[in-house]
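Peer 1: below: sequence and its predicted model.
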There are 2 protein chains.
Amino acid sequence: MELRHLRYFVAVAEELNFARAARRVHIAQPSLTKQIQQLEHELGFPLLYRTKKKVELLDTGHAFFEEALRLLRQAENAIQSAHRIHTGESGRLVIGFSQSAAPEVLPRILRRYHALYPKVVVDLLEIVSIQSGESLMESAVSVALVRSPTFLSRELFCFETIQRERFVLALPDSHPLAKQKSVRIKTLASEPLIVPPLQPGWGYADSLFQIFRDYQIVPSIAQEALGALAVVTLVAAGFGIALVPASLGHFSLPGVIYRPIKGPCRTSDLTLVWRRDSRASTVRAFLEVVREEYKGGSRS
Amino acid sequence: MELRHLRYFVAVAEELNFARAARRVHIAQPSLTKQIQQLEHELGFPLLYRTKKKVELLDTGHAFFEEALRLLRQAENAIQSAHRIHTGESGRLVIGFSQSAAPEVLPRILRRYHALYPKVVVDLLEIVSIQSGESLMESAVSVALVRSPTFLSRELFCFETIQRERFVLALPDSHPLAKQKSVRIKTLASEPLIVPPLQPGWGYADSLFQIFRDYQIVPSIAQEALGALAVVTLVAAGFGIALVPASLGHFSLPGVIYRPIKGPCRTSDLTLVWRRDSRASTVRAFLEVVREEYKGGSRS
DNA sequence: GACATTGATAGCTATCAGCTATTGTACCGC
DNA sequence: GCGGTACAATAGCTGATAGCTATCAATGTC
């Protein structure tokens, strides 16, 4: 049995007339007759009751007709749904991200993406460390938004910087430096700093420690905090001050103010990462969206 | 696209190896390659990612694989369910009946039928008059159990008597005749009788009035009652006595006793009726069941 | 009774599903 | 590096069959 038989049978069942049905499916009447006979023969029981002059459906025919219709609709459906996945219109997209991308960048991109591809199920997965990041990136995560992911192999992954961000100083509003409009890096040498855990090649801490090296400062670390949010929270609690990517300034915690850096300073780069072998259309479509939103990122 | 393509694709998707998949669907590997290419070409997008050495499913392939499996299962299903209907195993059966068949015959038959064909939905439809009976028999009802349905055309319907039943006398236990073990018809000449509405060629009243004609008695009709149940109920209420088919004796109402008829007397025949053009397998199966239950009915 | 309309049959043809043989790559063991 | 093996794709052939035209046989219709 082939879909052809179902298509033909549906036509006959609806027209109850071989000649008209044949015209409808664009074949000659005898061909149709033969195909229906063949179908009935294969099933082993008749579907139609024919007299000269008229055709009617048997009980079996009625039942089979309903089923055939459903089947044909579903076949159409199968093609359509696969097609939507091909165009990236629907499917599943798992986005890995580090907290520092969460407040500003992610919502912006997701809003745009969801508007274009409302049928894609988006899962967000926070990446907190190199250890988890490495394994996640190799399996679960289809695309990630992270900072300085240099620990990832350039063989397996593609990278695209989408935003170069200046650092800003987060400090309690009661702090003496809060009076200055902008602050020099050198000034920070003696200040108690709050930093995320230092893991070379991962997160904005990577850029942070390069800055201190550039200025030949040995920072005095007051506290390590897991995640960008925790860093800012500790600043609010008065444990010290912190250098964070500018976009984190969107977290306006009470008692915390942000000050720009005076003088030259490395940026923290937000990077889009995806597996080089990824052929998922949702990923392709997501990349397009991000590029559109952040025109002029640099690929590598 | 044909079911063939789906069958082949499922094999490839499960084996992830053309040669093995080809063996599984009993064709040569190049044929399979060609069919899959053809499928992808028709869809307009690829389903598989092939390297020399290995094959894997794309996102589209995953989705299409699921759909294809469902489709194939459903195709199988469609055949099976039509087949069940063909064998009479499932489907719908509308049984028309007159009340006098209800107490004894119907339950017996239905019990047996339902045991054999549990998947058939049985609808019971009471037929109360010639007017409704005629229209119902021509459309809604697939088979009927009635008495003396001589109003129905012998052109359109088939008849089969399944049970010849003697009449019995239903009378209040306080009635003088209740003292006799059996009663002569002649005795009834002066008694107030309760009868169903007399419609020639319909129901046991038809036989009833032939009996009176045979004995040349003009009965004194106390009351007409719609339906056999109502007749017996009126007897219990003391409105008179009634001649009813023996099987109605199964209604043992308080205050009503049944007495056999002494002497020769016509029977009331329970008749199975179905449309001559009926090709429904549920009907065929039902007829078989009835014949098995009441061996030796006479066909016409 | 001529004519139109129905589905089935007969016989031809062209398409294409499936075949065998072969090619072109990748990977493996030595 | 070099035969050996495993894989998918290609080339070219063949047979089955989907679909064709012409026709038949039966049944209405005017």
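Peer 2: Looks like it came in fine. Numbers count the residues shown, from 1 in each chain, chains lettered A, B, ... in the order given.
Peer 1: which stretches in chain A count as helices?
Peer 2: Assigned by DSSP state H, chain A shows helices spanning A:3-15, A:18-24, A:29-43, A:59-86, A:105-116, A:130-138, A:204-214, A:228-236, A:281-293.
Peer 1: got a markdown table for those, with distance to residue B:264, mean pLDDT and mean neighbour count too?
Peer 2: Bear in mind the C-beta positions are built from the backbone N, C-alpha and C, glycine included. Shown next, in a markdown table, are the helices of chain A (distance: least, CB to CB, whole Å; pLDDT from 0 to 100; neighbours: other CB atoms under 10 Å in any protein chain shown):
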| stretch | distance to residue B:264 | mean pLDDT | mean neighbour count |
| --- | --- | --- | --- |
| helix A:3-15 | 56 | 92 | 20 |
| helix A:18-24 | 59 | 90 | 17 |
| helix A:29-43 | 55 | 91 | 16 |
| helix A:59-86 | 45 | 91 | 19 |
| helix A:105-116 | 90 | 93 | 15 |
| helix A:130-138 | 97 | 82 | 16 |
| helix A:204-214 | 112 | 90 | 18 |
| helix A:228-236 | 105 | 90 | 21 |
| helix A:281-293 | 90 | 92 | 19 |
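Peer 1: go through those helices and name the closest to residue B:225.
Peer 2: Ranking the helices of chain A by proximity to residue B:225 (CB to CB) places helix A:59-86 first, at 38.3 Å.
Peer 1: relative to the whole chain's centre, how far out is the closest one?
Peer 2: 31 Å (CA atoms, centre = their mean, to the nearest Å).
Peer 1: tell me if that helix is near chain B.
Peer 2: Yes: applying CB under 8 Å from any CB of the partner chain, one finds helix A:59-86 touching chain B at A:59-61, A:63-64, A:67-68, A:70-71, A:74-75, A:77-79, A:81-83, A:85-86.
Peer 1: hang on, the earlier thing: wait, which of the helices of chain A is closest to residue A:261?
Peer 2: helix A:204-214 (9.0 Å).
Peer 1: which neighbouring elements make contact with the closest one?
Peer 2: strand A:143-147, strand A:167-172, strand A:242-245, strand A:268-275 (3 or more CB pairs under 8 Å, 6 or more residues apart in numbering or on different chains; DSSP states H and E).
Peer 1: tell me which of the ones you listed sits most buried.
Peer 2: strand A:242-245 (a mean of 26; mean count of other CB atoms under 10 Å in any protein chain shown).
Peer 1: so what's the gap between it and the chain middle?
Peer 2: On CA atoms, centre = their mean, the centre of strand A:242-245 falls 27 Å from the chain's centre.
Peer 1: same question, stretch A:15-32
Peer 2: On CA atoms, centre = their mean, the centre of stretch A:15-32 falls 49 Å from that of its chain.
Peer 1: does any part of it sit near DNA strand C?
Peer 2: Yes: using CB under 7 Å from any atom of the strand as the criterion, contacts between stretch A:15-32 and DNA strand C involve A:16, A:17, A:18, A:19, A:20, A:29, A:30.
Peer 1: if I look at the residue of the stretch 101-250 of chain A found nearest chain B, what pLDDT would I see?
Peer 2: Closest residue of the stretch 101-250 of chain A to chain B, CB to the nearest CB: residue A:142 (9.8 Å). On pLDDT, residue A:142 comes in at 91.
Peer 1: from residue A:203, how far out is it?
Peer 2: Taking CB to CB, to the nearest Å as the criterion, residue A:142 is separated from residue A:203 by 20 Å.
Peer 1: burial measure for the residue of the stretch 101-250 of chain A closest to chain B, as a count.
Peer 2: The local packing of residue A:142 (other CB atoms under 10 Å in any protein chain shown) involves 22 other residues.
Peer 1: my guess is it meets residue A:283, correct?
Peer 2: Yes: in this structure residue A:142 lies within contact range of residue A:283 using CB atoms under 8 Å: 5.1 Å.
Peer 1: mutual contacts of those two, please.
Peer 2: Residues touching both residue A:142 and residue A:283 (CB atoms under 8 Å, 6 or more residues apart in numbering or on different chains) are A:93, A:274.
Peer 1: distance of the residue of chain A most remote from its centre relative to residue A:147?
Peer 2: No residue in chain A sits farther from the centre than residue A:52, which is 62.0 Å out by CA atoms, centre = their mean. To residue A:147, residue A:52 is 81 Å away according to CB to CB.
Peer 1: so residue A:277 touches residue A:158, yeah?
Peer 2: No: taking contacts as CB under 8 Å, residue A:277 lies outside contact range of residue A:158: 9.8 Å.
Peer 1: so which of those two has more stuff around it?
Peer 2: Remark: of residue A:277 and residue A:158, residue A:158 carries more neighbours, 17 against 10, as counted by other CB under 10 Å.
Peer 1: how close does the more buried one sit to residue A:247?
Peer 2: 23 Å.
Peer 1: ok, now residue A:132?
Peer 2: From residue A:132 to residue A:247 the distance is 23 Å (CB to CB).
Peer 1: residue contacts, the residue of the stretch 101-250 of chain A found nearest DNA strand D?
Peer 2: Residue of the stretch 101-250 of chain A nearest DNA strand D, by CB to the nearest atom of the strand: residue A:155 (22.6 Å). Residues in contact with residue A:155 (CB under 8 Å, 6+ apart) are residue A:276.
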